[in-house]
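Participant: quick one, what's the 3D model for this:
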Amino acid sequence: MGATERLAATTSLLSSVEHLARRREQRSSRMNEWAISRDAYARYNRPFRKLLDLASDERTHRALHAGRVAASAALILPGNGRWRGAATLYLGVSGALLYPGERYGTDGSDQASIMVQTVTGLARLAPSSRTQDALIWYVALQGNLSYLISGWVKLLGPDWRSGAALAGVMRTRTYGHEGVWKLAHRHPRTTRALVYGVLGLECLFPVLYLRGGRLTRPVLGGAVLFHLANGYVMGLGRFLPAFAAMHPMVAYTSTPRSHPAAAGRDDTMPAAVALLAAGGAAV
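Facilitator: Numbering: from 1, shown residues only. Here you go, the predicted model:
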């Protein structure tokens, strides 16, 4: 749980610092004007809409993000107390409250962090190890599904099966990269092999549960490299700590209970998980 908390906290720290630093720019663009966005929640009950109104208030908005910065910074530091559960749960709940008013500018990393932090906070505060294990398994299964479904959905698209999708994405203004597009255009066979590699990693992600967890390190290592590449090429920097935050839970559930790492808690983890935690903290 300690590794997951630190990686997820890195995501929240980057996100909240960005929102606070660019608040004036966002306010002038009116892209996330709550007076307009709130219409999307008209069907929800009145108390919930009032809560969203409060979270989207200018002063409350700044206070929540300032609290998220403080909680994230504290969670990245060493420590192993129940306060970490409360801090992590705060990040998850506050992220969920802020999300409706920040729909333009958020992405899958924020959604993943909200889920991971809410469940991990509950796990840290859980009264029994069985409840903790159930919640850890939930995060691990969500991590598997995030890769598995993404891969199989891509596989349904003819452009992904032909390998042309990568070059197409690299031509876009939002996620594109001119240099990579030129390389993909010049070397179609290499590009196709790279696309097939990504599809294989995502579609076959759950194979890390085979052979007693011996495949955990290479599969998670490949996923980390995948997010590193996305961060550099597509500008999705928060995706690495956000999705890597689920990796310690995946590694824990894939490790046989006879393994020494499975007997420990929190900061006692396999070398692969420690490597992921160190990599995420450096992002």
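Participant: L148 touches P206, doesn't it?
Facilitator: Yes. Between L148 and P206 there is a contact at 6.4 Å, judged by CB atoms under 8 Å. Bear in mind the C-beta positions are built from the backbone N, C-alpha and C, glycine included.
Participant: what is the least confident helix or strand in the protein?
Facilitator: Lowest on mean pLDDT, DSSP states H and E among the helices and strands of the chain sits helix 271-281, with a mean of 40.
Participant: now the most centrally placed residue in the chain. Nearest residue, chain neighbours left out?
Facilitator: In the chain, the residue lying closest to the centroid (CA atoms, centre = their mean) is A242, at 2.5 Å. Using CB to CB, 6 or more residues apart in numbering and skipping residues adjacent in sequence, the residue nearest A242 is S109, 3.6 Å away.
Participant: now do the helix or strand containing the one you found: which elements does it pack against?
Facilitator: Counting by DSSP states H and E, the element that carries S109 is helix 108-125. When contacts are defined as 3 or more CB pairs under 8 Å, 6 or more residues apart in numbering; DSSP states H and E, helix 108-125 sits against helix 2-21, helix 83-98, helix 129-156, helix 239-244.
Participant: can you tell me the helix or strand for A74?
Facilitator: helix 58-76.
Participant: what's next to that helix, contact-wise?
Facilitator: Helix 58-76 is contacted by residues 5-6, 9-10, 12-13, 15-17, 19-20, 23, 54-55, 84, 87-88, 90-91, 94-95, 97-98, 101, 281 when judged by CB atoms under 8 Å, 6 or more residues apart in numbering.
Participant: mind checking the pLDDT average for it?
Facilitator: For helix 58-76, mean pLDDT rounds to 93.
Participant: what does stretch 185-201 give?
Facilitator: Rounded mean pLDDT across stretch 185-201 is 92.
Participant: cool, and stretch 38-46?
Facilitator: Stretch 38-46 comes out at a mean pLDDT of 80.
Participant: what stretches of the protein score poorly on pLDDT?
Facilitator: Along the chain, the parts satisfying pLDDT under 70 run over 23-32, 35, 104-105, 257-283.
Participant: count residues in the vicinity of L122, would you?
Facilitator: Counted with other CB atoms under 10 Å, residues neighbouring L122 total 17.
Participant: I should have written D107 there, sorry.
Facilitator: 12.
Participant: list the contacts of the spatially closest residue to it that is not a sequence neighbour.
Facilitator: Leaving aside its chain neighbours, D107 sits nearest to L236 (7.0 Å; criterion: CB to CB, 6+ apart). Residues in contact with L236 (CB under 8 Å, 6+ apart) are 107, 109, 175, 227, 230.
Participant: from those residues, which is closest to Y252?
Facilitator: Of all the contacts of L236, Y252 sits closest to H227, with 19.6 Å by CB to CB.
Participant: thought the closest one was touching A245?
Facilitator: No. Contact criterion CB under 8 Å: H227 and A245 do not qualify, at 11.1 Å.
Participant: out of those two, which sits in the busier spot?
Facilitator: Taking other CB under 10 Å, H227 and A245 do not tie; A245 has more neighbours (30 against 22).
Participant: from S150, how far out is the residue lying farthest from the centre of the chain?
Facilitator: Distance from the C-alpha centroid of the chain peaks at R186, with 32.8 Å (CA atoms, centre = their mean). According to CB to CB, to the nearest Å, R186 and S150 sit 27 Å apart.
Participant: so who does L166 touch?
Facilitator: L166 is in contact with 184, 191, 194-195, counting by CB under 8 Å, 6+ apart.
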